[in-house]
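[1] Generate coordinates for the sequence data below:
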Amino acid sequence: MSRIGKKPILLPAGVKVILNQANLSVQGPKGMLSMEVPQGVEVALEDNVVIVKKTSDDRKARCYHGLTRTLVDNMVTGVSAGFEKKLEISGVGYRAEASHDRLKLVIGYSSPSEYVIPEGIAVKVDKLVNIVVSGIDKQVVGRVAAEIRALRKPEPYKGKGIRYAGEQIRRKVGKSVGS
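    From the prediction side, this is the model:
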């Protein structure tokens, strides 16, 4: 039995779980998320605790058991507290500006790059070089942060580019002049 799948999910105050046959909706102070429960897994609600059980012992049900529990836990955390990813820009003249639906980045190309911010995601820029991506869906927040980072990955010689906060870049030694 999955060690992750058998853990119960405690619901914080203000979070409601709605079960409709194969659909699960989680509603909280920050918004609402829903997902389709896969076959072979059953979700039960017992006084402020969500329990994920597998209905059979076949391979697919065992695979989905822990995954479904983690997805439901992420939904509960998202609608109650939210998720955020932090990015840092390093490089001379590199900077970012956020408007209501676009992120404008000056990252060493001949013209500024623009990234369209998807619905449900908030992007905040501090001191022109720190970007904070936040939202209620963990998967979407991670994807948006990865797409912004992919616009200018950090290069190994000078470390210029966009990186996650706290990410260590392995630096390489440049060419030395032979004599």
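[2] quick check: domain ranges of the protein?
    9-80, 83-164 (automatic domain parsing).
[3] With respect to residue 170, which of those lies nearest?
    Closest approach to residue 170 among the domains of the chain is made by domain 83-164 (6.0 Å; C-beta to C-beta). Where C-beta positions appear, they are placed from N, C-alpha and C, glycine not excepted.
[4] Any idea how far apart the tips of the closest one sit?
    Using C-alpha to C-alpha, to the nearest Å, the end-to-end distance of domain 83-164 comes to 15 Å.
[5] And the helices in this protein, which stretches?
    Ranges of helices within the chain are 59-80, 138-150, based on DSSP state H.
[6] Report the mean confidence score over the first one.
    Summarised as a single mean, pLDDT over helix 59-80 is 95.
[7] Name the residues of that helix that come out as buried.
    61-66, 68-80 (16 or more other C-beta atoms under 10 Å).
[8] For stretch 94-112, buried residues please.
    94, 96, 98, 103, 105, 106, 107.
[9] thought the second one was touching residue 113?
    Going back to what we said before, that points to residue 96. No - between residue 96 and residue 113 there is no contact under C-beta atoms under 8 Å: 9.6 Å.
[10] For these two, list the residues in contact with both.
    Taking C-beta atoms under 8 Å, 6 or more residues apart in numbering as the criterion, residue 96 and residue 113 both touch 104, 105, 106.
[11] ok, now which ones touch the last one?
    Residues in contact with residue 106 (C-beta under 8 Å, 6+ apart) are 93, 94, 95, 96, 112, 113.
[12] please redo it, this time with the cut-off set to 6 Å
    Contact analysis of residue 106 by C-beta atoms under 6 Å, 6 or more residues apart in numbering lists 95, 112.
[13] so what's it scoring on pLDDT?
    pLDDT at residue 106 comes out at 97.
[14] and it, how far is that from residue 126?
    Residue 106 sits 16 Å away from residue 126, going by C-beta to C-beta, to the nearest Å.
[15] can you check the second one too?
    In this structure, residue 105 lies at 15 Å from residue 126, with C-beta to C-beta as the measure.
[16] again with residue 8
    Distance from residue 8 to residue 126, by C-beta to C-beta: 38 Å.
[17] Tell me which of the two has more neighbours.
    residue 8 (14 against 11; other C-beta atoms under 10 Å).
[18] excluding its backbone neighbours, what's nearest the more buried one?
    Leaving aside its sequence neighbours, residue 8 sits nearest to residue 49 (C-beta to C-beta, 6 or more residues apart in numbering; 4.8 Å).
[19] Before I go, just wanted to say thanks for your time.
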